[in-house]
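> let me see the structure of the following:
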Amino acid sequence: MPAPSNIAPVSGGDVVTDWDKWTFKWFGKNSPVIPLGCVVTAGVLGSGFYQFKKGNKKTSQLLMRARVAAQAVTICAMMFSLKVQDRQKALGLA
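Below is the predicted model of the structure:
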């Protein structure tokens with residue numbers, strides 16, 4: 001029976017699925033997600049400082065909390081990226 005079209009065989013008998021391809025693209029070695037997360041975190045941080053300087057403490061506090069959330073998402077993306085890169089190495093694609 002032939003393999004489904006969304007699965008590509010790799011040496012060693014392992015297969016690369018569409019999910020693998022997607023994660024390799026977005027979270028692989030040259031991941032665009034992590035630098036984007038860093039830029040968003042820095043942008044929210046800068047906005048929070050600006051609001052604090054203007055005297056708008058309520059908005060500043062809200063932005064600092066948003067910064068913590070953005071930073072947490074970025075760190076989770078980094079950890080997932082390490083897992084994806086390990087999968088790439090295991091398949092011999094890195």
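> CA only for contacts and neighbour counts going forward, please
Fine.
> so which helix or strand takes in the spatially most central residue of the chain?
Nearest to the geometric centre of the chain sits A77, at 3.4 Å (CA atoms, centre = their mean). Using DSSP states H and E, the element containing A77 is helix 57-91.
> and that helix, how far out from the chain middle?
7 Å (CA atoms, centre = their mean, to the nearest Å).
> which elements pack onto that helix?
Judged by 3 or more CA pairs under 8 Å, 6 or more residues apart in numbering; DSSP states H and E, helix 57-91 is in contact with helix 18-27, helix 33-54.
> pull the residues that contact the first one.
Which is helix 18-27. Helix 18-27 has contacts (CA atoms under 8 Å, 6 or more residues apart in numbering) with 6-7, 31-33, 77, 80-81, 84-85, 88.
> how near is the residue nearest to S60 when sequence neighbours are not counted to W19?
Spatial nearest neighbour of S60, excluding adjacent residues (CA to CA, 6 or more residues apart in numbering): G48 at 4.5 Å. Distance, G48 to W19, using CA to CA, to the nearest Å: 37 Å.
> higher neighbour count, those two?
G48 (24 against 11; other CA atoms under 10 Å).
> hang on, the earlier thing: buried ones in the helix holding A77, by neighbour count?
60, 63-64, 66-67, 70-71, 73-74, 77-78, 81, 84-88, 91 (16 or more other CA atoms under 10 Å).
> all good on my end, thank you.
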